[in-house]
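Asks: Pasting the sequence and the predicted model now:
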Amino acid sequence: GENVEQHPSTLSVQEGDSAVIKCTYSDSASNYFPWYKQELGKRPQLIIDIRSNVGEKKDQRIAVTLNKTAKHFSLHITETQPEDSAVYFCAASRVEEYGNKLVFGAGTILRVKS
Amino acid sequence: NAGVTQTPKFRVLKTGQSMTLLCAQDMNHEYMYWYRQDPGMGLRLIHYSVGEGTTAKGEVPDGYNVSRLKKQNFLLGLESAAPSQTSVYFCASSSRGVVLSGEQFFGPGTRLTVL
């Protein structure tokens, strides 16, 4: 089955700096790679996702890159702000006819220091 | 539009007790999922459903049962709770869509403690 590894487990950056979180996956058939943000005590919320037919996707300060050959994908946050502090999870799955079984990484605690 | 809701929000059980967690969604989604979240381990899929009356096992199904009698509801049952089932449980749903959509929408979670 799919296995997703996420690094680093914690990341501290100064406000305004960039943050990069990396994930690797094992199943070459995976075709959907979302990133979720979870604030303390809250539910995970999708911040960006990418399909396997796309190499990069950007949404304002957030971008995701995908390298299918190497089976890794990364989240890039530029101009970080204190409200970016949260736990970030990557995930991978095969979106198919019968469901979308996400396999999550262990998470990265991002702290943005002001 | 409430999205995905879960009841209860918190529960404390004694070892061996049983309980049912209820998930409801009002987005007419075909797919529903139950995850558990433990510190340092991310979210792990327990069971999922691709439609009314159908369920399937995820990564960590042992000790849990599920039912989906109505499209909008997905129930997670613990028949004989164990301390290892202490966790935060999240329900999620997603749409099949015209083009298969991957986004899952999560409920607020249920914090379960088994003593």
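Replies: Right, received. Where do you want to start?

Asks: Just give the number of residues close to the closest residue to residue B:45 other than its chain neighbours.
Replies: Distances taken as C-beta to C-beta, 6 or more residues apart in numbering or on different chains place residue B:58 nearest to residue B:45, at 3.1 Å, with adjacent residues excluded. Every residue, glycine included, has its C-beta placed from N, CA and C. Residues lying near residue B:58 (other C-beta atoms under 10 Å in any protein chain shown) number 20.

Asks: So residue B:58 sits against residue B:49, correct?
Replies: No: Residue B:58 lies out of contact with residue B:49 (C-beta atoms under 8 Å); the separation is 10.5 Å.

Asks: any common contacting residues for those two?
Replies: residue B:33 (C-beta atoms under 8 Å, 6 or more residues apart in numbering or on different chains).

Asks: rewinding a little: next, give phi and psi for the residue nearest to residue B:45.
Replies: Per-residue torsions, residue B:58: phi -100, psi -140 (degrees, to the nearest 10).

Asks: for it, what are its contacts?
Replies: A:101, B:33-34, B:44-48.

Asks: wait, which of these is closest to residue A:113?
Replies: In terms of C-beta to C-beta, no member of the contacts of residue B:58 lies closer to residue A:113 than residue B:44, at 31.3 Å.

Asks: Show me what residue A:59 is bridged to.
Replies: Beta-bridge pairing for residue A:59 (DSSP bridges): residue A:62.

Asks: Apologies, that question was intended for residue A:37.
Replies: Assigned bridge partners for residue A:37, using DSSP bridges, are residue A:45, residue A:88.

Asks: Which parts of chain B are strands?
Replies: With DSSP state E applied, chain B shows strands at B:4-7, B:10-13, B:19-25, B:31-37, B:43-51, B:54-57, B:65-67, B:73-78, B:87-94, B:105-106, B:110-114, listed in chain order.

Asks: can you list the residues of chain A near chain B?
Replies: For chain A, the contact set with chain B under C-beta under 8 Å from any C-beta of the partner chain comprises A:1, A:6, A:9, A:32, A:34, A:42-46, A:49, A:51, A:89, A:93, A:95-107.
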